[in-house]
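[1] Quick one, fold the following:
(one chain, ligands or ions: 2)
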Amino acid sequence: MTGPGKLPARDFEEIRLAEALERGRCPVCDARQEASYAALRGLAREGATDRGLRDQMDKGLGFCQPHSAGLSKMELLQTSSQLATAVLLDAVLRRRLATMKKHAGKDGSGQVRGIAELSDIRCPVCARMTEASDAAARRLLELSSDGAWSAALGSAEICLEDVYALWAAAAGASKDVQGRWSQILAAQLKRLEALQKTLAEYAHNSTSDRRSLITPEQQAAAAASIRLFGGSPDRDRTR
Ligand SMILES: [Zn+2]
Ligand SMILES: [Zn+2]
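    Ligands and ions are numbered 1, 2, ... in the order given. Now for the predicted structure:
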């Protein structure tokens, strides 16, 4: 099995990682986005009738801000209704209200503890994203034993946060993986150094009197720097 490009892939997970790399996306961001869409799709489809899930909501599971909005959007897109969103948010709100009432009458330190408890959102979609991110990092480090994958990872537009995540995963792995990662990291550092230089030129040319001097390369570096810090999943995904 191979991806659409030249990276050898053994299953759909590897095809997805290969596609992301070949399209100049961050494969770890991409895995996270895929996981969040899958989780939101599942919640939108079954969230209203899933007793187990509502029991978990009653025990303190909730949704973070982006995934509260994301659930509602996904459900509208899939079913043109807001039933699952309303059922789930009602379960969360009921639980939150009970906790807020319980803590409102306490002394200062009790309230601080109560707020800390409330601030621990325990979003199930975020949890799925973390799992997907960890799994993607492990898989990519495994795949780096192949020369083509290792080269692709060295030159890929991996976002900065996921460079750190891969680095941390590699540092805790076997000597073999550590050795492979240090080559990838060296290539990434070269890429980032070149990006930083071109970005500085772009910034230098960005004053109104110099704007006409901006080259396409500098323009591209400016866009790449936003992907470097902002992440670059495949936003066009509709699967
Ligand atoms: Zn990323
Ligand atoms: Zn979340």
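[2] Could you count how many residues lie near Glu117?
    The tally of other residues near Glu117 (other CB atoms under 10 Å) stands at 12. To be clear about C-beta, it is placed using only N, CA and C from the backbone, and glycine gets the same treatment.
[3] quick one, phi/psi of Thr207?
    Note on Thr207: backbone dihedrals following degrees, to the nearest 10 are phi -70, psi 160.
[4] Tell me how many other residues crowd it.
    Neighbourhood size, Thr207 [other CB under 10 Å]: 9.
[5] For the protein, what lies in contact range of ligand 2?
    Within the chain, the positions near ligand 2 by CB under 5 Å from the ion are Cys64, His67, Cys123, Val125, Cys126.
[6] Serialize those residues to JSON lines and add fields for neighbour count.
    Formatted as JSON lines, the residues of the chain next to ligand 2 follow (neighbours: other CB atoms under 10 Å):
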{"residue": "Cys64", "neighbour count": "14"}
{"residue": "His67", "neighbour count": "22"}
{"residue": "Cys123", "neighbour count": "21"}
{"residue": "Val125", "neighbour count": "23"}
{"residue": "Cys126", "neighbour count": "18"}
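[7] List just the nearest of those to ligand 1.
    Cys126 (15.4 Å; CB to the ion).
[8] three-state assignment of the closest one?
    helix (DSSP: H, G, I helix; E, B strand; the rest coil).
[9] give the contact list for the spatially closest residue to it that is not a sequence neighbour.
    Among residues not flanking Cys126 along the chain, Cys64 sits closest, at 5.7 Å (CB to CB, 6 or more residues apart in numbering). Cys64 is in contact with Ile121, Cys123, Val125, Cys126, counting by CB atoms under 8 Å, 6 or more residues apart in numbering.
[10] Apply 6 Å and report the result again.
    The contact partners of Cys64, taken as CB atoms under 6 Å, 6 or more residues apart in numbering, are Ile121, Cys123, Cys126.
[11] Okay, it and Arg96: tell me how far apart.
    Distance, Cys64 to Arg96, using CB to CB, to the nearest Å: 13 Å.
[12] I figured Ala152 hits Ala20, correct?
    No: using CB atoms under 6 Å, Ala152 is not in contact with Ala20, being 10.1 Å away.
[13] Tell me which of the two has more neighbours.
    Set side by side, Ala152 and Ala20 show more neighbours around Ala20, with 26 against 22, by other CB under 10 Å.
[14] my read is the more buried one is in a helix, agree?
    Yes: Ala20 forms part of a helix when assessed by three-state DSSP.
[15] can I assume it is in contact with Asp30?
    Yes: under the criterion of CB under 6 Å, Ala20 makes contact with Asp30 at 4.0 Å.
[16] now the residues of the chain next to ligand 2 in a markdown table, with distance to ligand 1 and pLDDT?
    Shown next, in a markdown table, are those (distance: CB to the ion, whole Å; pLDDT from 0 to 100):
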| residue | distance to ligand 1 | pLDDT |
| --- | --- | --- |
| Cys64 | 18 | 96 |
| His67 | 18 | 96 |
| Cys123 | 19 | 95 |
| Val125 | 17 | 95 |
| Cys126 | 15 | 96 |
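[17] Tell me which stretches of this protein form strands.
    Counting by DSSP state E, the chain has no strands at all.
[18] can you point me to the longest helix in it?
    The residue-count maximum for a helix in the chain (DSSP state H) belongs to helix 175-204.
[19] and that helix, what does it pack onto?
    helix 147-155, helix 160-171, helix 216-230 (3 or more CB pairs under 6 Å, 6 or more residues apart in numbering; DSSP states H and E).
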